[in-house]
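Peer 1: Mind folding the following:
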Amino acid sequence: MQGRLKKIVFSMIFLSFFGIEAHANTGIPTLIFIWPLAWVLLIPVILIEAGAICWTRKELKKRLVLKAVIFANLFSTLIGIPVAWGILFIIELMGSFVYQSERLKIFQDLNPKLFAFFSGFFTSAWVLPWEKSFEWPWFYASAFITLWSAFLYSSVRSEAWILKIYIKGNDVKSLSWRANLASYGFLVVVFGAMILWKFKFIESFINTGIKALFRLLYPGFMA
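Peer 2: Take a look at the predicted model:
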């Protein structure tokens with residue numbers, strides 16, 4: 001298992017160097033934002049996952065679960081996230097010739113929102129410069145779905161390897177799924193709120209709600 005993991009990591013590093021020439025100074029790797037943020041959110045993620053496992057397997061000792069979850073998350077954050085991102089990056093490199101197609105640019109002009117949405121699925125690893133003109137909310141939505149799904153699956157698999165060392169039973173993989181769905185659900189709320197706030201959806205909603213409340217309490221209120 002370790003030998004196969006080393007081959008995967010080496011292959012991604014090797015192929016990434018070939019992609020640097022084509023991508024250098026022509027885009028933004030999303031890993032430089034995601035990886036540091038993953039370390040910042042590590043403590044709440046560990047607490048959430050440990051709580052989810054303890055809730056599912058009440059007979060387990062809390063100290064043992066916490067220790068297992070700590071090492072599992074350190075492993076998934078250090079290895080799992082970069083590996084998942086690297087796979088997405090390789091897929092993007094393999095399909096890079098499609099992005100330069102003139103027909104694709106015509107489709108972008110015809111329906112920018114739909115084009116931005118579908119583009120996010122294939123360019124979530126490395127945002128290309130011509131995507132700056134996109135309808136950003138649509139692109140962010142699909143890119144977030146892609147990254148979230150890839151990192152979730154990677155975390156489940158990588159953390160299950162470590163959890164098996166500390167927790168006995170046939171349901172370790174199921175525990176890893178439950179724990180990660182709980183923590184990634186928390187991340188959806190955090191990142192979703194950040195994205196919505198950036199585009200002032202929340203701000204607009206709050207302002208509208210406050211004005212409606214004032215009109216209800218004070219009919220003569222004009223805002």
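
Peer 1: can you pull the contacts of I46?
Peer 2: 66, 69-70, 73 (Cβ atoms under 8 Å, 6 or more residues apart in numbering). All C-beta spots, glycine's among them, are computed from the backbone N, C-alpha and C.

Peer 1: do the same with Y166
Peer 2: With Cβ under 8 Å, 6+ apart as the criterion, the residues that contact Y166 are 64-65, 67-68, 71.

Peer 1: elements contacting the helix or strand V65 falls within?
Peer 2: Secondary structure from DSSP states H and E places V65 in helix 62-75. Using 3 or more Cβ pairs under 8 Å, 6 or more residues apart in numbering; DSSP states H and E as the contact test, the elements touching helix 62-75 are helix 42-56, helix 136-166.

Peer 1: Averaging pLDDT over each of the ones you listed, report the lowest-scoring one.
Peer 2: Mean pLDDT values for the helices and strands packed on helix 62-75 show the minimum at helix 136-166, a mean of 87.

Peer 1: Would you check how far apart V189 and A182 are?
Peer 2: For V189, the distance to A182 (Cβ to Cβ, to the nearest Å) stands at 11 Å.

Peer 1: Just the local confidence number for the nearest residue to T77 once chain neighbours are set aside, please.
Peer 2: With sequence-adjacent residues excluded and distances taken as Cβ to Cβ, 6 or more residues apart in numbering, T77 is closest to A38, at 5.2 Å. Residue-level confidence at A38 comes out at 89, pLDDT.

Peer 1: List the residues that contact L152.
Peer 2: Each residue near L152 by Cβ under 8 Å, 6+ apart is listed here: 180-181, 184.
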